[in-house]
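A.B. asks: predicted model, plus sequence, below.
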Amino acid sequence: MSVNEALQDVCRRRRGRPALRLSSEALDYENLLDRIEARAESIAGTGPVALLSLDAREPLAFMVDFFAARRLGRTAVIHAEGVPPLLRARREQSLLGFLQPFSSETVFYSSGTVGSGKAIPLSDEQLLIAALAFPPSATIESTDRVAIAVPLGQIFGFVRGVLNGLLVGAETIVYSPRRDAIGEGAALGATLALISASQARLAAEVPGRAALRGVLSGGGPMAEGVAQKIEAERGVPFRLGYGLTESSGLGARQSLDRPRCTGSTGLPAPGLTVTIDAGGSLAAPGQTGEILLSGPAVFRGYADPAEASPLDAARRLHSGDLGFLDSEGELHVRGRAVSSIAAHGRYLCAEELEAAVLEKPGIAEAAAIPLGDAFGLLLVAEDPSEAFLQQVREHVSRRFPAFARPRRLRLVETIPRSPSGKLDRLAAARCFQT
């Protein structure tokens, strides 16, 4: 079954039920199918056949265009929010040499933190597997109203939000929260909310309980204290996950139908094999190594054949992330291998350092940046005073072992990020040069 056939089946069964809601417009499943059919006819009647461009800045048109492309069997290219027009044009021009206009593939892009990103083709089959991998009791049920606060043009928001929600017959609500993604999602009548790690940190500081049956988060490391605070003070079950664009967003996810394991990202997705490579051998439970992913949802390789493939001879995807599997089989992600920091003769995980300093109330964001044989911490704080910075120093002295303490702390208004929202470590390092 294709993605388009799966949606048609849902539309027949959920005819008249709410499907999509934005601030200015709402569609039921019958209206959605009509809109897709009309759009497909419009595309088919246009000029020269080319790759179809999908613009995530316009959520409703973006979702309709995706399903119209799948109905026509056209190769589509997703441009995430925040990608400038010049880069969009350059990406599409480059793809003309690698992809045919008719295929079952949709092209996503990696984050491009230090470059223009890599083109990642994902087939209908892979997206369908990823969207429906988890049982409804673990994630999204047909009776849910799912509020999506994360970008739709990135794999987490697209697969776990748009596709998962629509293909089980739920109502999908797209919104842009101001500060409290949890409370604002509940105010829209949602039962579930999809939010980013940074949105979760802000929402954890807002008082008051929220009427949601759960929050699903992804897209970055999360301090355990944030998850605990949301559950204790907001009264909402909070579940993390892990996945890559190259694996169609699949990796591991904490389930809503079982207790959350502290520090983990949950059990591996059904149909996906997660192994830990400890220097060429299989790691024992609890032993850290590189996370490898394999299964039918893993991509075939980058669109540009000149890009080095992250797949080995056994078709295992080398994630570049460090982690371990515990005795219960749950995956614990420690951080990126390339962002490990060599300090005082030891290797430290940048994400763990950042998560530890974020435990200090009043710190909104943190970035660990290599500084020679040590590192510094860039911090965004609600209180930019020297007195608060001294409190942070005291927190670091208590929380970090001596070998893992930063050489410098610096408060900044914003931490440099790429268009996709991920940390730009090269730009961040320049903040210590002024």
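C.D. replies: That came through fine. Numbering: from 1, shown residues only.
A.B. asks: spit out the contact partners of D180.
C.D. replies: Contact analysis of D180 by C-beta atoms under 8 Å, 6 or more residues apart in numbering lists 202-203, 206. For the C-beta atoms, the positions are set from N, CA and C on the backbone; glycine is no exception.
A.B. asks: from R14, how far off is it?
C.D. replies: From D180 across to R14, the span is 30 Å (C-beta to C-beta, to the nearest Å).
A.B. asks: and for L358?
C.D. replies: 41 Å.
A.B. asks: try L322
C.D. replies: Noted for L322: a distance of 42 Å to R14, by C-beta to C-beta.
A.B. asks: and V159, how many residues sit next to it?
C.D. replies: Neighbouring residues of V159 were enumerated by other C-beta atoms under 10 Å; the total is 26.
A.B. asks: L322 and R14: who's more crowded?
C.D. replies: Taking neighbours as other C-beta under 10 Å, L322 and R14 compare with L322 leading, 23 against 20.
A.B. asks: now the one helix or strand the more buried one maps to, how far from the centre of its chain.
C.D. replies: Taking DSSP states H and E as the criterion, L322 maps to strand 317-325. Centre-to-centre, strand 317-325 and its host chain are 16 Å apart (C-alpha atoms, centre = their mean, to the nearest Å).
A.B. asks: tell me the mean pLDDT for that strand?
C.D. replies: Mean per-residue pLDDT for strand 317-325: 91.
A.B. asks: elements contacting that strand?
C.D. replies: Counting contacts by 3 or more C-beta pairs under 8 Å, 6 or more residues apart in numbering; DSSP states H and E, strand 317-325 packs against strand 273-278, strand 289-294, strand 331-336.
A.B. asks: paired strands for the second one, with orientation please.
C.D. replies: According to DSSP bridges, strand 289-294 has the following sheet partners: strand 273-278 (antiparallel), strand 317-325 (antiparallel).
A.B. asks: next helix or strand past the shortest one?
C.D. replies: In the C-terminal direction, the helix or strand that comes right after strand 273-278 (DSSP H and E) is strand 281-282.
A.B. asks: who's in contact with that next one?
C.D. replies: By C-beta under 8 Å, 6+ apart, strand 281-282 touches 275-276.
A.B. asks: and it, average pLDDT?
C.D. replies: 86.
A.B. asks: strand partners of that strand, parallel vs antiparallel please.
C.D. replies: Applying DSSP bridges, strand 281-282 is found paired with strand 273-278 (antiparallel).
A.B. asks: next, the angle strand 331-336 makes with the strand holding L322.
C.D. replies: Going by axes from the mean of the first three to the mean of the last three C-alpha atoms, to 10 degrees, strand 317-325 is angled at 120 degrees with respect to strand 331-336.
A.B. asks: for strand 317-325, buried residues please.
C.D. replies: Applying a neighbour-count criterion of 16 or more other C-beta atoms under 10 Å, one finds 317-319, 321-325 buried in strand 317-325.
A.B. asks: biggest separation within these, which pair?
C.D. replies: Farthest apart among the buried residues of strand 317-325 by C-beta to C-beta are L317 and F324. That separation is 17.4 Å.
A.B. asks: so where's the stretch 251-400 of the chain uncertain?
C.D. replies: By pLDDT under 70, the weakly predicted segments of the stretch 251-400 of the chain are 337-340, 342-347.
A.B. asks: which parts of it are helices?
C.D. replies: Ranges of helices in the stretch 251-400 of the chain, per DSSP state H, counting those that start in this stretch, are 350-357, 386-399.
A.B. asks: tell me which element the residue lying closest to R393 once chain neighbours are set aside falls in.
C.D. replies: Spatial nearest neighbour of R393, chain neighbours left out: L409 (6.5 Å); criterion: C-beta to C-beta, 6 or more residues apart in numbering. Taking DSSP H and E as the definition, L409 sits inside strand 408-411.
A.B. asks: partner strands of that strand, with direction?
C.D. replies: Partners of strand 408-411 in its sheet, by DSSP bridges: strand 374-381 (parallel).
A.B. asks: got the angle between the strand it pairs with and helix 386-399?
C.D. replies: Here the directions of strand 374-381 and helix 386-399 differ by 130 degrees (the same axes, to 10 degrees).
A.B. asks: got the buried residues for strand 374-381?
C.D. replies: Buried residues in strand 374-381, counting neighbours by 16+ other C-beta under 10 Å, are found at 374-379, 381.
A.B. asks: what do you get for stretch 56-64?
C.D. replies: Residues of stretch 56-64 classed as buried by neighbour count (16+ other C-beta under 10 Å): 56, 59-60, 62-64.
A.B. asks: which member of those residues is positioned nearest L244?
C.D. replies: If you rank the buried residues of stretch 56-64 by distance to L244 using C-beta to C-beta, A56 comes first, at 18.5 Å.
A.B. asks: excluding chain neighbours, give the residue nearest to the closest one in space.
C.D. replies: A56's closest residue in space is G153 (C-beta to C-beta, 6+ apart), at 3.0 Å.
A.B. asks: now swap in Y109 and tell me
C.D. replies: G117 (3.9 Å).
A.B. asks: the one you found contacts S110, doesn't it?
C.D. replies: Yes: if you go by C-beta atoms under 8 Å, G117 and S110 touch, sitting 4.8 Å apart.
A.B. asks: and the pLDDT for the closest residue to R213 other than its chain neighbours?
C.D. replies: Leaving out its chain neighbours, the residue that sits closest to R213 by C-beta to C-beta, 6+ apart is T191, at 5.1 Å. Listed pLDDT for T191 reads 97.
A.B. asks: how many neighbours does T191 have?
C.D. replies: When neighbours are defined as other C-beta under 10 Å, T191 has 19 of them.
A.B. asks: thanks a lot, see you next time.
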